[in-house]
Structure formats: structure tokens, C-alpha cells
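> Please find the sequence and the predicted model below.
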Amino acid sequence: MPRTAHKQEPAPKQQEFAITPIYDILLRGSDQTPVGLFHLYVATAEQLCTLHYSRGSLKAIKARLKKLVDAGYIQFDAIPTKFARSPYYYALDYRGMDYLEEIGLDVNEAFRKQKEVNKHSLYIEHTLVVNKGTSEQVLR
């Protein structure tokens, strides 16, 4: 019996997404706090919220991060645990690196998105603890 090619349905048209200051601050920081996901490599929503916003803004920050994930600027993963899902951590994706390069940041030419997530849990936990210390020093 011959194989027939299946027609692929056209992908749904995504709404065009533009980086505005509320998203840019999460990616590269601000004048007051010049640390963002670009500098931390991986970070949780809580860490980014602590750096740039009040604790009551966490829900809004998670929504902004989801929009950045959906638009391909960042990616997410969770540390595997036995009993419960750990909080997501976020890392840059290709589109985010391209954006940061376009605005003049010196980005790593060897960036590979696959290397930013799915890392060993000890590495991620260590990096998140170091980022917490970095955040505390920046905010002093």
C-alpha cells in the first residue's frame, strides 16, 4: 500500500510580539539594577522579581515571563524532584540572544539553547544560590 503525504495545516498565526521596557528589564536589567537574565544565565521568577519589582508583583512577572517564553525569547525548565514540581527557572533562547546582540550587548557566539536547560539539578541549584547572593549584593 503506497504512503500518502499528509497535508500539514498551516500554523496558527501568532500575534506579533515586541520587546517593551517591561520585558527588556527582565532580559538585561535597568539603569538602577543592571542585572537581568542575560547576566544571571538562569533565574527563577522570584529572583527576577526581587531584583526589579516588589514581592507583590510576582504574579505579573510570571505572566511576563510566559509571554517571553511563548515569543521565543526565553525558555524554561524545572529541577526534577521526587515528590513535587519545583519552580520553573528561565534561560535565554535564540531570539532573546539575537535581541540582546541587536541592542549592543556582547553575546556569546557559541550560545546553544540546548545547553541552557536540562542540566543536572545540582548545577542549577548551585547557580540559583549564587544568583541569590549576586542579587543581594546588587540590591545593597
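Noted; the coordinates are in hand.
> drop to CA atoms for contacts and neighbour counts, all remaining ones
Will do.
> and the end-to-end length of stretch 24-41?
Stretch 24-41 has an end-to-end distance of 15 Å (Cα to Cα, to the nearest Å).
> Next, the buried residues of it.
24, 25, 26, 27, 28, 29, 35, 36, 37, 38, 40 (16 or more other Cα atoms under 10 Å).
> What sits closest to the last one if chain neighbours are left out?
On the basis of Cα to Cα, 6 or more residues apart in numbering, the spatially nearest residue to residue 40 that is not a chain neighbour turns out to be residue 131, at 6.3 Å.
> from what I can see the one you found touches residue 39, true?
No - using Cα atoms under 8 Å, residue 131 is not in contact with residue 39; the gap is 9.4 Å.
> coming back round to it: identify, from the buried residues of stretch 24-41, the entry nearest to residue 60.
residue 26 (12.0 Å; Cα to Cα).
> May I have the predicted confidence score for residue 136?
Residue 136 is assigned a pLDDT of 77 by the prediction.
> Make sure it is indeed in a helix.
Yes - using DSSP: H, G, I helix; E, B strand; the rest coil, the assignment for residue 136 is a helix.
> so how far is residue 51 from it?
8 Å.
> Name the residue in these two with the higher neighbour count.
residue 51 (25 against 13; other Cα atoms under 10 Å).
> Can you tell me the SS state at the more buried one?
Following three-state DSSP, we place residue 51 in the helix state.
> Find the nearest non-adjacent residue to it, please.
Counting by Cα to Cα, 6+ apart, residue 51 lies nearest to residue 135, which is 6.3 Å off, once chain neighbours are set aside.
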